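>>> coords please:
(one chain, ligands or ions: 1)
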Amino acid sequence: MEKTIFIINGPNLNLLGKREKDIYGQQTLGDIEELCKEKLKNSDFSLFFCQSNSESEIINWIQRGINDALAIIINPAGFTHTSVAILDALKVFDGMVVEVHLSDISKRESFRHFSYVSERADKVIKGKGPDGYIEALDFISENLLKS
Ligand code: DQA
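Take a look at the predicted model:
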C-alpha cells in the first residue's frame, strides 16, 4: 500500500483566514495544507488533504481511507459534536486516527465539549492552531516507526 496520510477537514474550515479570526487565527486552510506538505516533503508519506461542508463526502473519504490510508487526521469541525455517522465510519478504519481542533473546544461553549469522534481517536490535539496538524503528523510517524 502507498503510505498515504489522509487529512480530512469539515465544514467552514474553507473559510479559515476570514472566519472568527480571534478564535481560529489568520492562516487559511491553504496555508495549513502547505505546512503539512512541507512537513512530509522528505518523508516516505504522501498526503491526501481535503475539506468538505458535506457530511456524506467526509464519510465517503473515510470509507476510501479504509483501503487507501495509513492514518487519518480529522478536524470534523461542527460535525465533531453531532455526527454519529462520522464516528461509525472511523470505527471501520483500522489505522491510526488523530482528531485535531484549532481551538480548545474544552474551554469554549458547553455544546463543544463533547466529541463523538474522540471515542475512536487515538489522540486528540486541541487549542494549538495550525501547529496541531504538525503535531498530529509527528504523532503518526513516531507511532508507525514503533510498530
Ligand atoms: C473546530 C472546533 C469546532 O467546535 C468548530 O465547530 C469548528 C472548528 C476547531 O478546529 O477548533 O468548526 O473543530
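>>> Point to the residue nearest the middle of this protein.
residue 74 (2.0 Å; Cα atoms, centre = their mean).
>>> Quick one: residues contacting that one.
By Cβ atoms under 8 Å, 6 or more residues apart in numbering, the residues touching residue 74 are 7-10, 58, 62, 86, 90, 97-100, 117. C-betas here are computed from N, CA, C, even on glycine.
>>> for the protein, which helix is longest?
For the chain, the longest helix by residue count, based on DSSP state H, is helix 131-146.
>>> Can you spell out which helices and strands pack onto that helix?
strand 4-9, helix 29-40, strand 71-75, strand 96-101, strand 123-126 (3 or more Cβ pairs under 8 Å, 6 or more residues apart in numbering; DSSP states H and E).
>>> wait, does the fourth one make contact with the ligand?
Yes. Residues of strand 96-101 are located near the ligand by Cβ under 6 Å from any ligand atom, namely residue 101.
>>> Spatially nearest residue to residue 123, not counting backbone neighbours?
The shortest distance from residue 123 to any non-neighbouring residue, by Cβ to Cβ, 6 or more residues apart in numbering, is to residue 98 (4.9 Å).
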